[in-house]
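*Asks:* give me the fold of what follows.
(one chain, ligands or ions: 1)
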Amino acid sequence: MSIFTKIISGEIPSYKVAENNSFIAFLDINPNAKGHTLVVPKKEENKIFDLSKVDYNKLMEFTYDVARAIEKAVPCQRVGMSVIGLEVPHVHIHLIPINTMVDMQFTNKIKLSNSQFISLAEKIASFYI
Ligand code: 5GP
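*Replies:* Below is the predicted model:
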């Protein structure tokens, strides 16, 4: 069972920003920038291109709504999107509010307090339709 499946089931807590029957979005615990969000299908699948075309398109539609909420909630030049990484074998899209190209590299990380995570998640959630 992946760590994200444990988050989806509520076994592990997360700072949730959006959810529907099939997908969830929550803040990355080790963010590149403020508002760095992970978008995850609830059905555990390893790789994004293993998804059916239908499920992939539904994931993109959900991601679109989350990205627009992030853009409204977090001051940034734009929201970057990346499918990258080998750490968690469960499909996830990184949505990252960026101001410099470095924000899309996974080398520079920022530290946020619990209350900062909570207020960021609440703000993004408030803009999610
Ligand atoms: P990747 O597979 O893309 O390299 O990394 C997975 C991402 O998930 C990383 O950015 C990491 O910080 C994030 N991550 C790993 N474990 C957890 C967790 O327990 N909670 C949250 N919110 N994010 C996590």
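*Asks:* could you find the closest non-adjacent residue to M1?
*Replies:* Residue nearest to M1 in three dimensions, not counting chain neighbours: E44, with 7.4 Å by C-beta to C-beta, 6 or more residues apart in numbering. Where C-beta positions appear, they are placed from N, C-alpha and C, glycine not excepted.
*Asks:* got it, and Y56?
*Replies:* By the measure of C-beta to C-beta, 6+ apart, the closest residue to Y56 outside its immediate chain neighbours is I48, 7.0 Å from it.
*Asks:* can I get the helix or strand containing K6 in CSV? Just the C-alpha atoms.
*Replies:* The secondary structure element spanning K6 is helix 3-9 (assigned by DSSP states H and E). Taking C-alpha atoms only, helix 3-9 is exported to CSV below (Å, rounded to 0.1, in the frame of the first residue of the first chain):
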residue,chain,number,x,y,z
ILE,A,3,1.9,6.3,1.4
PHE,A,4,-0.6,8.2,-0.7
THR,A,5,-3.2,5.4,-0.3
LYS,A,6,-2.7,5.8,3.5
ILE,A,7,-3.3,9.5,3.1
ILE,A,8,-6.5,8.9,1.1
SER,A,9,-7.8,6.4,3.7
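*Asks:* do that helix and the ligand meet?
*Replies:* Yes - using C-beta under 6 Å from any ligand atom, helix 3-9 comes into contact with the ligand via I3.
*Asks:* now the helices: where do they sit in the chain?
*Replies:* Secondary structure of the chain by DSSP state H: the helices cover 3-9, 53-73, 114-127.
*Asks:* contacting residues around the shortest one?
*Replies:* Spelled out, it's helix 3-9. 12-14, 24, 26, 38, 40, 42, 44, 88, 90, 92 (C-beta atoms under 8 Å, 6 or more residues apart in numbering).
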